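**Student:** Requesting a structural model of the entry that follows:
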Amino acid sequence: NLRSHAEELARTLDDYLTERERDVTLMARHPLIRSFSTAPPQERSALRAQVLTDLANFLEINSYYQCAFLLDSSGQLLLSTAEDADPQAASRPYFLRALAGETTISEPSLPGSESGTGLSDPAGAVIYFSAPVPHPEGKGIETSPSATGVLNGSVKIVGVAVLRVRAGELWERVERQADHAGKGSLAILFDEYGIRLAHSQSRELVFRAVAPLSQEVERRLLAEGRFGDLDRIEVLPFPDLARGLREAAGRPYFTHHLAVSSDLYHAVAVPLRTRRWTVVESVPEPAFLASVSTFSRVLEPRSATFN
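**Tutor:** Residues are numbered from 1 along each chain as shown. Below is the predicted model of the structure:
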């Protein structure tokens, strides 16, 4: 049914995000990374080539991995596999949260206009995965490859490791849901503010909000840098969809309209476990009623057996 499709997608996205969290955590806790982060400048020069080689080999395991870089505790760039590491990293939430001990996932983010990327062509969008780099002599550190989350408060954090991943890897998982729950069905991934993070029908709809944001929220999100150098967050308003998102915790099922069709859409909202993001799976009413009719016909023989 519709909910099972949405729950399946939410699990798929949670598993994907957890895998990338694990990768950046392994990177941050690698002995060579930890030693490089605390080494004096002259020793870093000797270690640099080996660290870069190890990171380059690490990036080769996934074609969506764009670059890896290392920041010290002040946000200064220590090392990067690419020349275009985020110059504003020190002020980004993914750095600040990792510095506080938390493995962090950013929302899909647009680079600046110098890359030629805009809302009509979001191909350059990326996601930043970051993890705290613990001191080489830190105690009480979980060493399992699956260990992510918050470091023990007694462990000194000496830097932040960042893995920059093409957002297309996330988007493709959502795009595979097109027509999955019935003809014309679609899936949308929203952040906690109702901004589209992924859309199964068109990437041009990503980064647009489903309802106007407060000035305070919009200013803060723009300052965080996830919208590149845009000076406002565009809105494609759908009031009934926005209302369904707001009330999803108590009423996960709702109906709404979309510009692509005059049909009424039946929808269900399912939250992710790893982030404050929500999957909305929608199906147009003709396909929804057809599936209900099919389900009823399947149940009829069973009902007759029990009568």
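**Student:** so how far is the host helix or strand of Ala223 off the chain centroid?
**Tutor:** Here Ala223 is covered by helix 215-224, with elements defined by DSSP states H and E. Centroid separation for helix 215-224 versus its chain: 19 Å, with C-alpha atoms, centre = their mean, to the nearest Å.
**Student:** That helix: which residues count as buried?
**Tutor:** Across helix 215-224, burial judged by 16 or more other C-beta atoms under 10 Å covers 218, 221-222, 224. Where you see a C-beta, it was placed from the backbone N, CA and C, and this is true even at glycine.
**Student:** Going by distance to Val206, which of the residues you listed wins?
**Tutor:** Ranked by distance to Val206 (C-beta to C-beta), these are led by Leu221 at 14.3 Å.
**Student:** Next, work out how far apart that closest one and Val133 are.
**Tutor:** Going from Leu221 to Val133 by C-beta to C-beta, to the nearest Å gives 27 Å.
**Student:** Next, find the distance separating Thr274 from Leu55.
**Tutor:** To Leu55, Thr274 is 24 Å away according to C-beta to C-beta.
**Student:** same check, this time on Arg166
**Tutor:** From Arg166 to Leu55 the distance is 17 Å (C-beta to C-beta).
**Student:** do Tyr65 as well
**Tutor:** Distance from Tyr65 to Leu55, by C-beta to C-beta: 10 Å.
**Student:** ok, now Ser80?
**Tutor:** 9 Å.
**Student:** Run through this structure and note the low-pLDDT ranges.
**Tutor:** 112-121, 138-154, 291-307 (pLDDT under 70).
**Student:** Tell me which stretches of it form helices.
**Tutor:** 2-28, 31-38, 41-59, 93-99, 168-175, 215-224, 239-246, 285-306 (DSSP state H).
**Student:** Among these, which comes closest to Ala123?
**Tutor:** Judging those by C-beta to C-beta, what sits closest to Ala123 is helix 168-175, at 7.5 Å.
**Student:** Please export the C-alpha coordinates of that closest one as PDB.
**Tutor:** This file holds the C-alpha atoms of helix 168-175, laid out as PDB (Å, rounded to 0.1, in the frame of the first residue of the first chain):
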ATOM      1  CA  GLY A 168      22.700  13.000  -7.200                       C
ATOM      2  CA  GLU A 169      23.400   9.900  -5.200                       C
ATOM      3  CA  LEU A 170      20.600  10.800  -2.800                       C
ATOM      4  CA  TRP A 171      18.300  12.100  -5.600                       C
ATOM      5  CA  GLU A 172      18.500   8.900  -7.600                       C
ATOM      6  CA  ARG A 173      17.100   6.900  -4.700                       C
ATOM      7  CA  VAL A 174      14.100   9.200  -4.600                       C
ATOM      8  CA  GLU A 175      13.700   9.400  -8.400                       C
END
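**Student:** got the contact list for that helix?
**Tutor:** The contact list for helix 168-175, computed with C-beta atoms under 8 Å, 6 or more residues apart in numbering, reads 9, 12-13, 16, 62, 64, 108, 123, 125, 127, 187-189, 197-200, 203, 206.
**Student:** what comes up buried for that helix?
**Tutor:** Quick answer for helix 168-175 (16+ other C-beta under 10 Å): 168-171, 173-175.
**Student:** Would you mark the buried spots in stretch 183-190?
**Tutor:** Going by 16+ other C-beta under 10 Å, stretch 183-190 has these buried residues: 184-190.
**Student:** how far does that stretch sit from the chain's center?
**Tutor:** Relative to its parent chain, stretch 183-190 has a centroid offset of 17 Å by C-alpha atoms, centre = their mean.
**Student:** can you check stretch 189-197 too?
**Tutor:** Worked out by C-alpha atoms, centre = their mean, stretch 189-197 lies 10 Å from the chain centre.
**Student:** Show me the contact partners of it.
**Tutor:** Applying C-beta under 8 Å, 6+ apart, the external contacts of stretch 189-197 come out as 13, 107-108, 170, 174, 188, 198-199, 205-211, 213, 217, 221, 233, 242, 245-246, 276-280.
**Student:** Buried members of the residues you listed into ChimeraX, please.
**Tutor:** Only the buried entries of these go into this ChimeraX selection, using 16+ other C-beta under 10 Å:
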select :13,107,108,170,174,188,198,199,205,206,207,208,209,210,211,213,221,233,242,245,277,278,279,280
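**Student:** Which of the contacts of stretch 189-197 fall within strands?
**Tutor:** Using DSSP state E, the members of the contacts of stretch 189-197 that fall within strands are 188, 198-199, 278-280.
**Student:** All set now, cheers.
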